[in-house]
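Undergrad: Sequence first, then the predicted structure, then my questions.
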Amino acid sequence: MTELLVKNACVIDPLNRISMEIMDLPIRDGRIVESVSSVADVIDAQGCLTLPGGIDSHSHVCGTKVNFGRYMSPEDMRAGRTARRGKMHVTSGYYVPTTFGNSYRYSTMGYTTVLEGAMAPLEARHTHEEFTATPHQDMMANTLFDGNWAIMEAVQKHDVRKAAAIVAWTLSAVKGYSIKLTNPGGTEAWGWGEDVSSVHEQVPNFNVTPAEIITTMIQANELLHLPHSVHLHCNNLGKPGNFQTTLETFDLVPDSNNGRQTLYATHVQFHAYGGTTWQNINSKAEEISRSVNAKPQIVMDMGQIMFGRTMTMTADGPMEFNLYRLHHNKWSNHDVELETGSGIIPVLYSKKSLVNCVMWAIGLELALLTKNPYQCLLATDNPNGAPFVKYPEIIGLLMSKRYRDEECATLHSGTGQRTVISSIDREMDWNEIAIMTRAGQAKALGIITQGKGHLGLGAEADVAIYPIRCRDVDPSTEYRKVTEGFQKTMYTIKRGRVIARNGEVIVEGANSTFWVNPSVPEEINVADDPEFVKKFKEYYTVRMSNYPVQDVYLPRGKCIRTEAMR
Amino acid sequence: MIIKDVVCPFCGCLCDDLEVEVDGQRVIRVQNGCALAESTFTGSNRLPAPIRRNAMGWEEISYDDAISDAADILLSADRPLLYGWSSTHGETQSCGVHIAELIGGVIDNTSTVCHGPSILAIQEVGHPGCTLGQVKNRADVIVYWGCNPAEAHPRHMSRYTTFATGFFVPEARHGRTVIVVDTRRTESAEIADEFIRIERGGDYEVLSALRAIVQGKSSIIPSEVAGVSREQLIRVSEICKKAKFGAIFFGLGLTMSAGKYKNVRNAIELTDELNRHTKFTISPLRGHSNVYGSNEVFTWITGYPYAVDFARGIAFYNPGETTAVDILQRGECDAALIVASDPGAHFPHSAAAHLAKIPTILIDPHQTATTPLCRLQIPCTMTGIDAEGTAYRMDGVPIRYKKIIESSYPDDAYLLRRIHDRIREVQGA
Amino acid sequence: MHQDGGDAVRVILETKNRSKPFLPIEAESIIPRNFLKGTDLTVYEGNKERDLSELFWIFVEGTAVSPDKVEVVLKGDTARIKRVGEYMDTGAIRIVGNIGMHCGNFMSGGLIEIGGNADAWLGREMLDGSIICHGNAGHYCASGYRGEKHGMKGGRVEVMGNAGDFCAEYLTGGEVYIHGNCGDMAGVEMKGGHLIIGGDATRPCGNMKDGTCTIFGTVRRMLPTFKKIGMQLLPEPQITMEVYTGDIANRGKGTLMVKPFGSA
């Protein structure tokens, strides 16, 4: 029985409506409890900002394409390297850190739970191996279904139950957490070097449209009672004028769940462009946020870009190839049979580029124009928009109009005409930031019941204590203190153990992986469906019996079971 | 007892549809595998116990003594080299990296004598690739460049390419055009629709010429490049541009001929150029069953796929400097740990000879050409036979090796963990 | 030490005998600037940190207050000493004999002079300054690092002997002058700067994007994707060269000048 008492914490816990209260947090055996004994270890938070551990709801940190990003970038590996120190292993990589690099840097920032943005089912084993090597964050995997042949066949037949059965079998086989759709239909078209250009365009050879894939999967998701909603990377990412596609997509979404959103739209900045070409591209953040403000069934994350070099990596193969055509940087591509695709290419976001300046503004506009902070979460689609170590700067920008104005003054002179950022006065407050970086994610991902995202009784004791005295800091003017403060916790506690102190990780980790095992009625279990089994055998290049991820890959797996509605 | 869907631990094809009949601790028969698989599973001659050199020759010692000796040798070195890793599974590879980090040594894997140049090329220009099922289901043009799958990857063509029935290529062979490029007419060339014979060392020039031709600039190309006529180059370029989906596979003919990684880079850039016209992918034909696994494991832990030097407390990577063959040829290292590979057989003599001059530990189930060079050999399980674990196929797909027989040998992962813990213990003291 | 500051200081480092002379030494601390504060520096031998005095006899002549007046001389068995002059920005380093890998990497000023041969990666990613090697240079002379888009950006590397393979790979700016022959693929991936080769070269300038390469010896295996566009008379020496543009395979617009076959 291990006890810890955090004293004098200035707690902000939006899910329990606690806002800047000085209180104690008694912790026993990894959970928040009513009280602890006098022999408990004591940490004095000295009145500093104390939040539930940070949750990243969309980050590319583990798996085939991430490792590809590392492998092909020795110049990035050497740029971000750190030496062995105490309990900390050697790390490498600035935009695409090694797994220990990611884990230590997240811990330093107070993050204790991460959703891996994309995992191809066929390569899930790789993702899980890297999860274990990211030892200080609890992990879960968005599982890709956007180009899945069996799914598209079910969609074509308007068979939602079949789609649900396929999702159920796949998620439990590969120990995934949620349904991810990246450029639905487009990744299959990319198998031939093509793409889809609207949600109503037919996917070549499969007779389905992206809209049909999305709506069928939303229904399947709800039928299976999955904790998270469908997680969508819309079609037409990055193209001028794509805001139309985004709005059309949002209009497809019913309100089917009382506890959370019905669609999580990810990195929406990349999907909020007006204009018709790179020359006249402008921000449509107002239109997008207006749509989201009217639709409680949608939650989005910002997909904020920050200036500097970074690495783009997504399952959106055609998008990555377009970037290659534009910039001629080294380009990697990896299409996964019967399932999905991926592409990787380094980019440079520059203040000299008007387009990049517009992109930078849009991410902030989305957050500031969305009324309910639970509906627009803080993320950069790490590392696509920027490496996650830049989150503190984004917090500073959201909380301070002055900071934004100072930054805007250094941008391309044409930015003002294409964006509305300089006209927005709103400054997020501490509570809203706490929602955008933990409470909102916990709700969106459906992990509040797992004890994440809050500090109430029974919650998992994932705690981040930042060297910021909220009552003494005016974030509007003292944004540097805000930015610096969020970069490095005084303490990061995970399940009641102090993991990091002032930037140093002091113990070895023992994280858990959350996954979902949805059960469906026996009669629709695809493992017994001769057609499914036959096609698997004919078209995949691995045997169906070798496909599922064995238990040994999740040494501390946390399985969430759900029952599908008949 | 017959075990189905067994994964073959021999080559990078990682076929997972073998049926193996076992009887107690013996493999009796292998079905569906190629000839190389057969010998892998049914071979014997495993070293019964750990052996250590003494004045008279060899003595058998206990596993405990062997582990302790190994740890001592590594601890007292100023520049230890840890090499091999390709025939074992992920956990072992991971442990090896952690040991190298602890002792400030250099860790390298068999990419160094095989597809290291491919990795270097990918690091310059990226890798437009795909999983093998994409090729099987879509590819109507297959190119084998500088490799002979008929001999070295016997089931590659039947499982994944030429003869495989795919969703979009139901006519298999009849729906495909096969191009083979090599310096001599190999067995693989015999089944090709188009065979390009290149002068030895001329791949780079031919690839440059093809890139220009695909761009539409054939007029600048001389009438013959490295023994290949311009006419044939134009014809092949047209076949590729008209493909619905082309897949290039390449091997040591590109990686080991003059220019090495520049040859591979040029082939990747040709693929990029073709992608402006149609869909094209390129992939290396990895030799060892799990060499790609060692690349993946090394990368997610250290940032680099092979040749990693921890001497300065950081991960440093520079093939040509931190690669095993170069280090051995310079006589730079003063101790070595060889796991799951046979440098005695595959390294240039000048490199292998150095292993005999320093204290070398070998962890391998069999007596090999490396055994005479080492001071201490510790036999262990054979991954895929009496040990299970993760392997990465040549296209990056991870598959778990099965354990199909029981044996009394310890898993090499277990051995390395114990060596690691012993080193930690001594360092902590 | 004189209080009023000296004119120049020379630090002589002579190698001591080592029990394991084949272990490489990493000596990135040996740059002129570091010796202003004295000679209390460390280097690495394999994975062990060593004081400079453990591996070298050290002699100091004179004093200086500014780093540009510091000259470091290396004598003895120096062929395995790596990273000498790394990030050097001023002053001078003279190596009497041979020098190990990575000499003068990231250099941005000052002078390195090598009496013997230089091992691989001489002057890698150099920004400015000057390197002169009287002997031969190994592979990757004046090149870039794996994965980076740019290599040497400025400064001057001159090799009186021959250079190995991939000389001036990724050359982006500055000048590289090899008096002797180059190995395979000199100037590959170059995109700026000047590469001059007094002797022979094989398959030069593959994938060239920009910059100029001038070869006075024999070019073996000229790449098929360079297009001859004319002749040019060079002022010094007075030779009429054939001028090629390329590498067309890479949509390049570099200039490759070679001596016509058969001319003196």
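TA: Everything's here; your move. Numbering: from 1, shown residues only, chains lettered A, B, ... in the order given.

Undergrad: do you know how far whatever residue of the stretch 401-550 of chain A ends up closest to chain C is from chain B?
TA: Nearest residue of the stretch 401-550 of chain A to chain C (C-beta to the nearest C-beta) works out as A:Glu504 at 22.1 Å. All C-beta spots, glycine's among them, are computed from the backbone N, C-alpha and C. With distances taken as C-beta to the nearest C-beta, to the nearest Å, A:Glu504 is found 16 Å from chain B.

Undergrad: Bridged to that residue, which residues?
TA: Per DSSP bridges, the residues bridged to A:Glu504 are A:Arg501.

Undergrad: That one: neighbouring residues, count only.
TA: For A:Glu504, the neighbour count with other C-beta atoms under 10 Å in any protein chain shown is 15.

Undergrad: same question, A:Thr277
TA: What A:Thr277 shows, counting by other C-beta under 10 Å, is a neighbour count of 9.

Undergrad: repeat for C:Leu111
TA: 20.

Undergrad: which secondary structure element contains it?
TA: Following DSSP states H and E, one finds C:Leu111 within strand C:108-114.

Undergrad: could you say what helices and strands the helix or strand following that strand packs with?
TA: Moving toward the C-terminus from strand C:108-114, the next helix or strand (DSSP H and E) is strand C:128-133. Contacts defined by 3 or more C-beta pairs under 8 Å, 6 or more residues apart in numbering or on different chains; DSSP states H and E place strand C:128-133 against strand C:108-114, strand C:156-159.

Undergrad: Now with 10 Å, please.
TA: Here strand C:128-133 touches strand C:92-95, strand C:108-114, strand C:156-159, strand C:175-178, going by 3 or more C-beta pairs under 10 Å, 6 or more residues apart in numbering or on different chains; DSSP states H and E.

Undergrad: ok, back up a step: who does the strand holding C:Leu111 touch, helix- and strand-wise?
TA: Using 3+ C-beta pairs under 10 Å, 6+ apart, strand C:108-114 sits against strand C:70-75, strand C:92-95, strand C:128-133, strand C:156-159.

Undergrad: got the contact list for B:His89?
TA: B:9, B:289-290, B:293-294, B:297, B:340, B:381, B:383-384, B:387-392, B:400-401, B:411-413 (C-beta atoms under 10 Å, 6 or more residues apart in numbering or on different chains).

Undergrad: Which members of those residues occur in strands, if any?
TA: B:Gly389, B:Thr390, B:Ala391, B:Tyr392, B:Arg400, B:Tyr401 (DSSP state E).

Undergrad: Show me the helices in the stretch 201-350 of chain A, by range?
TA: A:210-223, A:243-251, A:285-293, A:317-327 (DSSP state H, counting those that start in this stretch).

Undergrad: To chain B, which of those lies closest?
TA: Using C-beta to the nearest C-beta, those put helix A:317-327 closest to chain B, at 6.9 Å.

Undergrad: and the closest one, is it in reach of chain B?
TA: Yes. Helix A:317-327 is in contact with chain B by C-beta under 10 Å from any C-beta of the partner chain, via A:Gly317, A:Glu320, A:Phe321, A:Tyr324, A:Arg325.

Undergrad: wait, doesn't the last one sit right on B:Glu273?
TA: No. In terms of C-beta atoms under 10 Å, A:Arg325 does not count as a neighbour of B:Glu273; the distance is 11.7 Å.

Undergrad: pLDDT score for A:Trp149?
TA: Here, the pLDDT recorded for A:Trp149 equals 98.

Undergrad: sec struct for C:Pro21, please.
TA: Of the three states, C:Pro21 takes coil under DSSP: H, G, I helix; E, B strand; the rest coil.

Undergrad: Within range of chain A, give me the residues from the stretch 1-150 of chain C.
TA: Going by C-beta under 10 Å from any C-beta, the residues of the stretch 1-150 of chain C near chain A are C:Gly144, C:Tyr145, C:Arg146, C:Gly147, C:Glu148, C:Lys149, C:His150.

Undergrad: hmm, 8 Å instead?
TA: When proximity is defined by C-beta under 8 Å from any C-beta of the partner chain, the stretch 1-150 of chain C lies next to chain A at C:Tyr145, C:Arg146, C:Gly147, C:Glu148, C:Lys149.

Undergrad: among the residues you listed, which two are most distant?
TA: Farthest-apart pair in the residues of the stretch 1-150 of chain C next to chain A is C:Arg146 and C:Lys149; separation 11.3 Å (C-beta to C-beta).

Undergrad: These two: who's more crowded?
TA: Taking other C-beta under 10 Å, C:Arg146 and C:Lys149 do not tie; C:Arg146 has more neighbours (20 against 15).

Undergrad: Run the chain-centre distance for stretch A:80-98.
TA: From the chain centre to the centre of stretch A:80-98 is a distance of 22 Å (C-alpha atoms, centre = their mean, to the nearest Å).

Undergrad: Other residues contacting that stretch?
TA: Residues outside stretch A:80-98 that contact it (C-beta atoms under 8 Å, 6 or more residues apart in numbering or on different chains): A:66, A:69-70, A:73, A:76-79, A:100-101, A:104-105, A:309-311, A:313, A:346, A:383, A:387, A:504-508, B:98, B:101, B:299-304, B:310, B:312-315.

Undergrad: make it 6 Å
TA: A:69-70, A:76-77, A:79, A:100-101, A:104, A:310-311, A:383, A:387, A:505-506, B:101, B:300, B:303, B:313-315 (C-beta atoms under 6 Å, 6 or more residues apart in numbering or on different chains).

Undergrad: hmm, back to that, would you mind giving the helices and strands packed on strand C:128-133 as a markdown table with distance to C:Glu14 and mean pLDDT added?
TA: Formatted as a markdown table, the helices and strands packed on strand C:128-133 follow (distance: least, C-beta to C-beta, whole Å; pLDDT from 0 to 100):
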| stretch | distance to C:Glu14 | mean pLDDT |
| --- | --- | --- |
| strand C:92-95 | 12 | 98 |
| strand C:108-114 | 16 | 98 |
| strand C:156-159 | 25 | 98 |
| strand C:175-178 | 30 | 98 |
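
Undergrad: Now do the buried residues in stretch B:199-219.
TA: B:201-215, B:217-218 (16 or more other C-beta atoms under 10 Å in any protein chain shown).
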